[in-house]
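**Student:** here is a sequence together with a model predicted from it:
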Amino acid sequence: MANQKPNIAVIGATGAVGKVFLNLVEERNFPYNSIRLCASERSEGKQITLKGKPITVELVTEKLLNEVDMVFVSASTQVSRDICPLAADLGCIVIDDSSVFRLEPEVPLVVPEVNKADLKNHQGIIAIPNCSTTPLVMVLNVLRKIAPISRVTVDTYQSVSGTGTAAVTELKNQTGNIVNDKTPEVSVYPHQIGFNLLPHIEDFLPNGYTKEEMKMSNETRKILHDQDINISATCVRVPVFTSHSESAHVEFDAPIDIAAARNMLAAAEGIKVLDEPGKNLYPMPLVSTGQDEVFVGRLREDISKQNSIALWMVSDNLRKGAALNAIQIAEELISMD
C-alpha cells in the first residue's frame, strides 16, 4: 500500500470516536481514494458532510468490504468480532479500536510513537490500545531510555466519553437535575456519575482488579515488549466529558534525574510538558480536550521510594486515545515501503 490512496470504510462513523475520526480526516488531509461510512440500522441513511461533500451512512456488508482496502472499526466488541476477521479475509487492512484482538499474539497492538515497527508484522488486523494505556506507554517509553523500569503504579481518572454518547448525555442530564434539586436518573452506570466518582470501569475479576485495570497492565507489557514491568492500576470514572487523567508513580532499577526526565519528555514526539506549578500551569482535561498531545506535568521525585518519580498526565481519549492513533497507524501504513 506504499504511497497509494486507499479505499476506506469507517465502521461506527456516527459514534463518538467515529465523529472525531472524520474530523481528523479533514484536519490532517488524510489521503484516500474513496470513503464509505457505516453504522447501525438506527443511523442508516443519514447524511454526513466530509470535505464539503455529503455521504450517506450505510450498513456494512460483505460486498462493501470487497470494495475497500482499509477498514476502521470503532463500534461494539461484537461488531469487531464479526467484521474484523471477515474484512481481513477479504484482503482489507483492519484497524480496530476494540479490546477483542489486542492481546492476540499475531495482532500488533500499536502506538506509532512507541512501536510502529510492529506494523510490519500484521496479518490483516491491527489493534489500538485502551485509551488510558496509550498515554502511559508513550511516557514510559521515554523514561525507560534513562533507566530500566521495574514497577508502575497508576491511577486513572477517566471521562464519560470513554463509555460513549449515552454516558455523555446521562452526565449532562444528571448535572441539570441535581443543580435543580431533581432526582437524577441512573441507567448507564451502576450509580450516579454526576458529582460523583466510580472506582469501577468494566467488570470486576477474581483477583479484585477490573478488566480495564488488567487491560492497562497487559497491554503496556505487550506494546513495550517487556514482560518484566510490574504494573498496578486503579481506574476511576469521573464526571468529566472528555479527556482521561492519570497519576503515575514509576520505579526504576537505578537513580533517575528529574531534569533529565523532563527534558527527554519535552523532546519526545506527541508529548507536551506543562509543568510550572508555581504559575498554576499543569495538565488538565480543559487543556487537553481537542488537542493531539499527551500533556505531562507535576514531575517530581517520589519521596516515599528510592529511584522513583511521580507525575501526572492528561490526554484527549477520543483523539490520541482512539481516533488519532488509528489515523496515525493508517498514515504509517501508507508511507511504508
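**Tutor:** Sure, I can see it.
**Student:** settle this for me: Lys320 is touching Gly270, isn't it.
**Tutor:** Yes. Counting by CB atoms under 8 Å, Lys320 touches Gly270, with 7.1 Å between them. Bear in mind the C-beta positions are built from the backbone N, C-alpha and C, glycine included.
**Student:** show me whatever sits in contact with both of these two.
**Tutor:** Asp292, Glu293, Val294 (CB atoms under 8 Å, 6 or more residues apart in numbering).
**Student:** can you give me the domain assignment for the protein?
**Tutor:** The chain resolves into domains spanning 7-129+322-335, 133-159+197-317 when parsed by automatic domain parsing.
**Student:** in CSV: the ones you listed, plus mean pLDDT.
**Tutor:** CSV is the format used below for the domains of the chain (pLDDT from 0 to 100):
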stretch, mean pLDDT
domain 7-129+322-335, 97
domain 133-159+197-317, 98
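**Student:** save the ones you listed as JSON lines, and put in distance to Asp181 and mean neighbour count too.
**Tutor:** Output for these, formatted as JSON lines (distance: least, CB to CB, whole Å; neighbours: other CB atoms under 10 Å):
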{"stretch": "domain 7-129+322-335", "distance to Asp181": "30", "mean neighbour count": "19"}
{"stretch": "domain 133-159+197-317", "distance to Asp181": "18", "mean neighbour count": "18"}
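**Student:** then Asp155 would be within a strand, right?
**Tutor:** Yes. Judged by DSSP: H, G, I helix; E, B strand; the rest coil, Asp155 forms part of a strand.
**Student:** where along the protein do the helices fall?
**Tutor:** 16-27, 62-66, 77-89, 112-115, 133-143, 165-179, 211-224, 258-267, 285-288, 324-335 (DSSP state H).
**Student:** quick one: distance of the fourth one to the chain centre.
**Tutor:** Read it as helix 112-115. 13 Å (CA atoms, centre = their mean, to the nearest Å).
**Student:** can you show me the CA trace of it as PDB?
**Tutor:** Listed next in PDB are the C-alpha coordinates belonging to helix 112-115 (Å, rounded to 0.1, in the frame of the first residue of the first chain):
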ATOM      1  CA  PRO A 112       3.100   4.700  16.400                       C
ATOM      2  CA  GLU A 113       5.300   6.900  18.700                       C
ATOM      3  CA  VAL A 114       6.300   3.800  20.600                       C
ATOM      4  CA  ASN A 115       6.300   0.600  18.400                       C
END
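**Student:** that one packs against which elements?
**Tutor:** Helices and strands touching helix 112-115, by 3 or more CB pairs under 8 Å, 6 or more residues apart in numbering; DSSP states H and E, are helix 133-143, helix 211-224, helix 324-335.
**Student:** mind giving me the packing neighbours of the shortest one?
**Tutor:** For helix 133-143, the contact count by 3+ CB pairs under 8 Å, 6+ apart identifies helix 112-115, strand 149-158, helix 211-224, strand 244-252, helix 258-267, strand 271-273, strand 294-301, strand 308-315 as packing neighbours.
**Student:** who wins for proximity to Ile93 among the ones you listed?
**Tutor:** The closest of the helices and strands packed on helix 133-143 to Ile93 is helix 112-115. By CB to CB, the value is 14.7 Å.
**Student:** what residues does that closest one touch?
**Tutor:** By CB under 8 Å, 6+ apart, helix 112-115 touches 108, 137-138, 141, 223-225, 268-270, 325, 328-329, 332.
**Student:** swap in 7 Å and give it another go.
**Tutor:** By CB atoms under 7 Å, 6 or more residues apart in numbering, the list of residues contacting helix 112-115 from outside reads Val137, Met138, Asn141, Ile223, Glu269, Gly270, Gln328, Ile329, Glu332.
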